[in-house]
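Undergrad: Show me how the following folds:
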Amino acid sequence: MIKLKNVIKYYGEGESSFQALKGVNLNIQKGEFIALMGPSGSGKSTMANILGCLDVASGGEYLFENVSVFKLNSKERALLRRFYIGFIFQGFNLLPRTTALENVELPLLYRGVNKIERRKNALEALDMVGLKGWEHHTSNKLSGGQQQRVAIARAIASKPLFLLADEPTGNLDTKRSVEIMNILKWLNKDLGITILMVTHESEMAAYANREIHFLDGNIDSSKGRGN
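TA: Next comes the predicted model:
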């Protein structure tokens with residue numbers, strides 16, 4: 001589904017230039033659940049931003065479903081994000097005085113989905129993450145774990161091919177983290193959503209079926225497991 005060939009990324013110019021990625025090659029198959037790991041400054045966040053079309057590389061090739069992403073203009077990349085990629089962030093990024101249902105409906109509104117279908121898809125997504133009955137609670141009245149569930153529902157309501165989760169349990173306690181990881185595992189195994197999760201926690205990475213470790217701007221190791 002995703003293929004990276006010799007992807008490089010520079011920040012800055014001249015003497016202050018810094019190479020964040022140093023010729024990354026990576027294939028991601030449809031239906032994989034990958035944990036992307038590495039120390040601070042290793043390049044994993046840069047890699048995630050490029051995969052999510054939030055940033056562009058300085059060189060190399062990125063194929064998403066055989067589409068050459070680096071040849072797209074900014075508007076076309078925005079459309080790719082909107083229609084094919086879902087995002088889950090550590091900080092939830094919910095509108096605080098807006099209901100759970102309205103938060104989940106928001107990306108569908110941007111996609112131009114009509115009100116009836118938008119409401120149906122949002123309710124289904126909230127039900128999937130165990131929040132049936134919480135639709136009309138504003139996000140500032142929900143616990144951290146519930147807010148992250150809303151964020152997951154928002155990400156999956158548009159039925160993305162690829163889900164990018166950036167430290168999705170970083171602001172949660174152990175119990176809530178396990179609940180969120182079980183939801184992600186279910187989305188991957190039962191719904192077939194391809195997931196790439198950035199994490200520094202080995203306990204959370206254990207839920208994935210492949211771990212990719214970054215170091216000094218490139219893949220240091222990649223190991224799969226049979227789960």
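Undergrad: show me what contacts residue 123?
TA: Contact partners of residue 123, counting by Cβ atoms under 8 Å, 6 or more residues apart in numbering, are 101, 132, 135. Yep, even glycine has a C-beta here, placed from its N, CA and C like the rest.
Undergrad: Let's check: the centremost residue of the chain is which one?
TA: In the chain, the C-alpha nearest the mean C-alpha coordinate belongs to residue 164, at 1.2 Å (Cα atoms, centre = their mean).
Undergrad: just to revisit the earlier point, got a PyMOL select line for the buried ones in the contacts of residue 123?
TA: For anyone working in PyMOL, the buried entries among the contacts of residue 123, judged by 16 or more other Cβ atoms under 10 Å, can be selected with:
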select buried, resi 101+135
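Undergrad: Tell me which residues touch the residue nearest to the centre of the chain, please.
TA: Taking Cβ under 8 Å, 6+ apart as the definition, contacts of residue 164 comprise 48, 51, 52, 85, 86, 87, 88, 195, 196.
Undergrad: Out of these, which is nearest to residue 115?
TA: For these, the minimum distance to residue 115 (Cβ to Cβ) is 21.1 Å, reached by residue 86.
Undergrad: And the strands in this protein?
TA: Under the criterion DSSP state E, the chain carries strands at the ranges 2-11, 18-28, 33-37, 59-64, 67-68, 85-89, 162-166, 194-198, 210-215, 218-224.
Undergrad: Could you save those as TSV and add columns showing mean pLDDT?
TA: Written out in TSV, the entries for those read as follows (pLDDT from 0 to 100):
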stretch	mean pLDDT
strand 2-11	96
strand 18-28	95
strand 33-37	96
strand 59-64	97
strand 67-68	96
strand 85-89	92
strand 162-166	95
strand 194-198	96
strand 210-215	95
strand 218-224	88
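Undergrad: Residue 150 contacts residue 94, doesn't it?
TA: Yes. With contact defined as Cβ atoms under 8 Å, residue 150 and residue 94 form a contacting pair (5.9 Å).
Undergrad: So for these two, which residues contact both of them?
TA: Common contact partners of residue 150 and residue 94 (Cβ under 8 Å, 6+ apart): 103, 139.
Undergrad: Least confident secondary structure element in the protein?
TA: Comparing every helix and strand of the chain by mean pLDDT, DSSP states H and E singles out strand 218-224 as the least confident one, with a mean of 88.
Undergrad: contacts for that one?
TA: So strand 218-224 is in contact with 21-26, 38, 43, 209-214, going by Cβ under 8 Å, 6+ apart.
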